[in-house]
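**Student:** sequence plus the predicted model coming up.
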Amino acid sequence: MIGGFYMAKRKEALRKKREKMIEEKGVIYLDNVSKSYSTGSPALNGVTLSIGKGEFVFIVGDSGSGKSTLIKLLLRELTATSGNVHVMGLDMAKLKHRQIPKYRRNLGVVFQDFRLLNDRNVYENVAFAQRIVEKSASEIRRNVPSILATVGLAGKYKAKTKQLSGGEQQRVALARALVNKPSILLADEPTGNLDPKNSWDIMKLLEEINAKGTTVVVVTHNREIVNAMEKRVITMKKGVIVSDEEKGGYIDED
Amino acid sequence: MKISTLFYTIKQGFANIFRNKWYSLASIATISACLFLFGLFYAVVANFQNIIKTAEEGVSVTVFFDVDTTDARLEEIGQDIAARLEVSEVKFISDDEAWATFGPEYFGENYAEGFPENPLEGDNSYEVYLSDVSMQDALVTWLNSIPEVRKVNYSELTANTLSGANLLIAYVSIGIIVILLAVSIFLISNTVAIGISVRKEEINIMKYIGATDFFVRAPFVLEGMIIGVLGAGLPLILIYSLYNYALNYIVERFSVLSGFLSFLSVDQIFKFLTPVSLLVGVGIGFLGSISTVRKHLHV
């Protein structure tokens, strides 16, 4: 009884500490972060950045600039060689292996190659994310059609993913990423495999999602979109941040 | 774990088998092939051992005593023999019983006519049956050390042949088991490698979405165990039919053999083979799937 009381009190104190951290440093905070692999030069070299709650941020840069490493650090697929990575007030270095699944449920992730379960239909792909967080059958039946309607796929819930166009597949991936209502959406080249029309549709959806309060981080090469959307743009080169501008544009390498 | 998650895991375990039909079939075929060879080998070896055991049970040592040995002393020696570990049975043959057996054998039906008295009088003996023929020499040495023992009859050749055959079967069994094990490991590791390429993407996706290791692992492990049961069941059915057929064929065609060779019934074979095959099948399925998934859990 007393133990339970102190446990609850401790949890509450930790929650308050995390909220304070988010308020002061942002929902994503990297402090002098470097990441080296066993071979070659460091993928990230002394990166410091802060992304606030509800922001929409583009991360741009050429291949080898460190964008993918940054996403992997945020997903806690990798840990930093030095420096601190904090996401939602949580210190990534202190996160234990068994705590990672629960942490990732706060993130929605979208990849360039969609990464759908191709042997299942649209509904099952999205419901799968809900099953992982142990939602009840009735909640799944309510939430999945609703999110499919949001991404414009209400009529295609029975279709196999391979029968869909690239744009539709990315919408399924987006629905799967959003169905658990994540605080942060990480999109790694979400328009990389799409034509211009579908690319714009996806970006509009991301903007809508952001407008509802979700922090959106988009890693992209798409110059037109970055320049047109007038959002914060962080440009990386050879593992360091070379510019960080509000309402920025795509900086040419030359 | 919620009940809905448990049902989902079970459903996915079964669904995975159908989703990856070729992988499932390859796994079932691999386990079946290994367990079929194991089952056949076991059936042959078990029959060999049974034949040798039956032959061993017929091997006896006969102990004769000095004529003046008292009944009480004979009784006492009989108890000492029976108490020895290598002895399975001791039969007392009185002089009258011995004459009743050997008389007709050597002198015909009217054997008693030329012998008004028992010519074997006082020639009492024990017929000693062994549980382990390789211990015959030790038993004979001990029997010869008893002062009242006049003579010990035994066949060194039979005992040596049988214990030699026993040893040979043991060596051959070990050899074949090692070969089967090596072949199984090779085939199963190859099948698991195919499984890894099929599953890599799926496990990665699950982990990115926030699935716990248990949630990722459970359907795969269940799938592996179902494949193991199927992989064990098929060869059991096949061996059951084959064994019954072979047994009937031998008994019908070579009835002469059945006079001195005793074969085990299909029930006797399956009493051991069924649980062992199922256990090995489930074990292979369990370990195979655990190792496949483990390699991709650290995403």
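**Tutor:** Received it, and whenever you're ready, just let me know what you need.

**Student:** following element in sequence after whichever strand or helix holds B:Glu105, please.
**Tutor:** For B:Glu105, the enclosing helix or strand under DSSP states H and E is helix B:95-107. With elements assigned by DSSP H and E, the helix or strand that comes after helix B:95-107 is strand B:125-130.

**Student:** mean confidence for that following strand?
**Tutor:** Summarised as a single mean, pLDDT over strand B:125-130 is 89.

**Student:** cool, and stretch B:286-299?
**Tutor:** Mean pLDDT, stretch B:286-299: 75.

**Student:** bridged to A:Val110, which residues?
**Tutor:** In this entry, A:Val110 is beta-bridged to A:Ala187, by DSSP bridges.

**Student:** any buried residues in the helix holding B:Glu105, and which?
**Tutor:** Buried residues in helix B:95-107, counted by 16 or more other CB atoms under 10 Å in any protein chain shown: B:95, B:98-99, B:103. In short, each C-beta sits where N, CA and C put it, glycine included.

**Student:** wouldn't A:Ala129 be in contact with B:Ala211 here?
**Tutor:** No - between A:Ala129 and B:Ala211 there is no contact under CB atoms under 8 Å: 9.2 Å.

**Student:** between these two, which one's more packed in?
**Tutor:** Taking neighbours as other CB atoms under 10 Å in any protein chain shown, A:Ala129 and B:Ala211 compare with A:Ala129 leading, 28 against 22.

**Student:** helix or strand for the more buried one, which one?
**Tutor:** If you go by DSSP H and E, A:Ala129 is part of helix A:122-132.

**Student:** how about the stretch 151-254 of chain A: which residue is closest to chain B?
**Tutor:** In the stretch 151-254 of chain A, no residue comes nearer to chain B than A:Arg176, which is 7.2 Å away by CB to the nearest CB.

**Student:** need the contact list for the residue nearest the centre of chain A.
**Tutor:** Geometric centre of chain A, nearest residue: A:Leu186, 1.5 Å, by CA atoms, centre = their mean. Residues near A:Leu186 by CB atoms under 8 Å, 6 or more residues apart in numbering or on different chains: A:71, A:74-75, A:107-110, A:217, A:219.

**Student:** interface residues of chain B facing chain A?
**Tutor:** Counting by CB under 8 Å from any CB of the partner chain, chain B comes close to chain A at B:1-2, B:4-5, B:8, B:19, B:201-202, B:204-213, B:215, B:298-299.

**Student:** now stretch A:206-214: how far from the chain's centre is it?
**Tutor:** Remark: stretch A:206-214 is offset 13 Å from the chain centroid, using CA atoms, centre = their mean, to the nearest Å.

**Student:** so which residues of chain A form helices?
**Tutor:** Assigned by DSSP state H, chain A shows helices spanning A:2-25, A:67-74, A:100-104, A:122-132, A:137-150, A:166-178, A:196-211, A:223-229.

**Student:** any idea which of these gets closest to B:Ala15?
**Tutor:** helix A:122-132 (10.0 Å; CB to CB).

**Student:** okay, the angle between that closest one and helix A:137-150?
**Tutor:** With axes from the mean of the first three to the mean of the last three CA atoms, to 10 degrees applied, the angle from helix A:122-132 to helix A:137-150 works out at 130 degrees.

**Student:** how about the residues of the stretch 101-250 of chain A that lie near chain B?
**Tutor:** The stretch 101-250 of chain A comes close to chain B at residues A:101-105, A:107, A:109, A:115-117, A:119, A:128-129, A:131-134, A:136-137, A:176, A:180, as judged by CB under 8 Å from any CB.

**Student:** quick revisit: let's see if you can find the most crowded of the contacts of A:Leu186.
**Tutor:** Neighbour-wise, the contacts of A:Leu186 (other CB under 10 Å) top out at A:Gly108, 28 neighbours.

**Student:** right, I'll call it a day here.
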